[in-house]
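S.K.: Prediction below, plus the sequence it came from.
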Amino acid sequence: KKKGMTATETTNAIGLDTHKSAELISSLNELLSNYQVYYMNVRGFHWNIKGDKFFELHVKFEELYNDLELKIDEVAERILMLGGTPLHTFGDYMEISSIAPAKNVSEARAAVQSILDGFKTLLLKQRSLLELSDNADDEGTNSLMSDYVREQEKLIWMYSAFMKD
């Protein structure tokens with residue numbers, strides 16, 4: 001704490017350092033942007049999938065985009081808890097996201113490969129947030145990211161098994 005400052009001047013509403021929280025908010029908004037683009041990609045795969053794996057993948061993609069929708073909401077709410085404002089325009093998402101839009105993908109292997117690539121991007125960003133949140137003593141963000149990493153590592157294993165001949 002700086003000399004002459006009270007705890008309320010250096011911490012946010014949930015007791016975390018405001019400067020460290022600002023860095024977390026920025027990283028969480030980047031993650032949110034990636035989740036939003038990824039969500040739309042998976043939604044498109046669900047709608048456009050064709051071929052002999054249609055019934056299997058149509059259901060799996062719906063399960064995935066429903067889960068992504070929940071994570072999007074959790075990340076946005078975490079940003080609010082830290083005192084920030086979640087990005088909420090597609091212009092912002094497209095400017096910040098590392099995940100590119102996947103347009104008109106209807107072939108099973110291409111869709112699943114895109115899902116695997118997206119998960120890898122999300123995992124790298126979430127692992128970076130694990131370190132940031134640990135340094136900020138932010139157990140809430142740390143726990144959320146840890147849960148996401150654990151779940152997504154399993155999904156990568158499962159989708160990767162689909163790609164094996």
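M.R.: All right, it came through fine.

S.K.: what about residue 62, neighbour count?
M.R.: Per other Cβ atoms under 10 Å, the neighbour tally for residue 62 reads 15. Quick note: C-beta positions are derived from backbone N, CA and C, even for glycine.

S.K.: ok, it - contacts?
M.R.: Under the criterion of Cβ atoms under 8 Å, 6 or more residues apart in numbering, the contact list for residue 62 reads residue 46.

S.K.: Now do the helices in this protein.
M.R.: 7-10, 18-48, 54-81, 90-96, 108-135, 139-163 (DSSP state H).

S.K.: mean confidence score for the fourth one?
M.R.: In this model, helix 90-96 has an average pLDDT of 98.

S.K.: Just the buried positions in that helix, please.
M.R.: By neighbour count on 16 or more other Cβ atoms under 10 Å, the buried set for helix 90-96 is 93, 96.

S.K.: Which strands and helices lie in contact with that helix?
M.R.: Other elements packing on helix 90-96 under the criterion 3 or more Cβ pairs under 8 Å, 6 or more residues apart in numbering; DSSP states H and E are helix 18-48.

S.K.: what does the second one give?
M.R.: In terms of contacts (3+ Cβ pairs under 8 Å, 6+ apart), helix 18-48 is packed against helix 54-81, helix 90-96, helix 108-135.
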